[in-house]
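*Asks:* My questions concern the predicted model and sequence given below.
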Amino acid sequence: MAIEASDRTLGLINIWQVLRKLLWEVELLKAIPTKLVVGIKPIDVLHVQDAGLYAAINAASTSLALVDWLYHTIREDHQLMSNARATLRNIQLSSEKAFLLSMRELYKPINACHQICNSNKHFHLHKPDRNFKVMVAEIIMEHPDGSTNISTVPHIMQNGEGTDGSMLISDMLVNLGVWWEDVLVKIGVPGRDQFLTRSEL
């Protein structure tokens, strides 16, 4: 028997709060420096090597969690389900798994988040998406004064998608925040005014 998890979410009770979390994580990702000086002690936690990767993984996880929150938010409200069908073409509402699969097919960044989270959760993948790849480049720049900077640039490639299948992970996550808000508004999910105030972000 499934037990509602809202008593274990540290206070998140509405999907708009989860979206607010994603938007905060995107802002955190923007605040992390793109270049770090090698060989000196980090001045704070945002200046740690790979901080951007950690933040991107967390934001991808939150975006994927929104799929589950959306399914459970709309499934017992006939009007919201009807609005969701009109907004998200070809979505499957028969089960959580079917809903996730249809959302991954509908919007490629959701699939990208699924691939990132699944890979970070499991050491071995039993059914990997062969068309999905993540490339992480480390750019090292030496300066005349002897200092060295390092930049980490994560990039997604999806085979067969042409130029639409290639993007920076940071850009994808920014766009996902906008996409999710647009979807929730179109479906008419209640709680936006209570839980998502733009002055906070």
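*Replies:* The structure has been received and is ready for your questions.

*Asks:* Look at residue 145 and say how many residues are nearby.
*Replies:* For residue 145, the neighbour count with other C-beta atoms under 10 Å is 6. For every residue, glycine as well, the C-beta is placed using N, CA and C.

*Asks:* I'd like to know how far the spatially most central residue of the chain sits from residue 18.
*Replies:* Nearest to the mean C-alpha position of the chain, counting by C-alpha atoms, centre = their mean, stands residue 60 at 2.7 Å. To residue 18, residue 60 is 13 Å away according to C-beta to C-beta, to the nearest Å.

*Asks:* count of neighbours near residue 153?
*Replies:* Count around residue 153 with other C-beta under 10 Å applied: 14.

*Asks:* quick one: it is in a helix?
*Replies:* No - going by DSSP: H, G, I helix; E, B strand; the rest coil, the assignment for residue 153 is strand, not a helix.

*Asks:* tell me which residues form a beta bridge with it?
*Replies:* Taking DSSP bridges, one obtains residue 137 as the residues bridged to residue 153.

*Asks:* shouldn't it be in contact with residue 168?
*Replies:* Yes - using C-beta atoms under 8 Å, residue 153 is in contact with residue 168, at 7.1 Å.

*Asks:* Now do the shared contacts for the two.
*Replies:* Common contact partners of residue 153 and residue 168 (C-beta atoms under 8 Å, 6 or more residues apart in numbering): none.

*Asks:* Now do the phi/psi pair for the residue nearest to the centre of the chain.
*Replies:* Note on residue 60: backbone dihedrals following degrees, to the nearest 10 are phi -60, psi -40.

*Asks:* can you pull the contacts of it?
*Replies:* Here residue 60 is in contact with 112-113, 116-117, 169, 173 (C-beta under 8 Å, 6+ apart).

*Asks:* next one: residue 19
*Replies:* 66, 177, 180-181, 184, 196.

*Asks:* So which of those sit within helices?
*Replies:* 66, 177, 180-181, 184 (DSSP state H).

*Asks:* Nearest to residue 145 among those residues?
*Replies:* Of all the ones in helices among the contacts of residue 19, residue 177 has the smallest distance to residue 145: 38.5 Å, by C-beta to C-beta.

*Asks:* roughly how far apart are the closest one and residue 24?
*Replies:* 10 Å.

*Asks:* before we move on, what about residue 84?
*Replies:* Residue 84 is 25 Å from residue 24, by C-beta to C-beta.

*Asks:* What of residue 69?
*Replies:* 16 Å.

*Asks:* which of these two has more neighbours?
*Replies:* residue 69 (20 against 15).

*Asks:* For that one, which non-adjacent residue is spatially closest?
*Replies:* residue 15 (4.3 Å; C-beta to C-beta, 6 or more residues apart in numbering).
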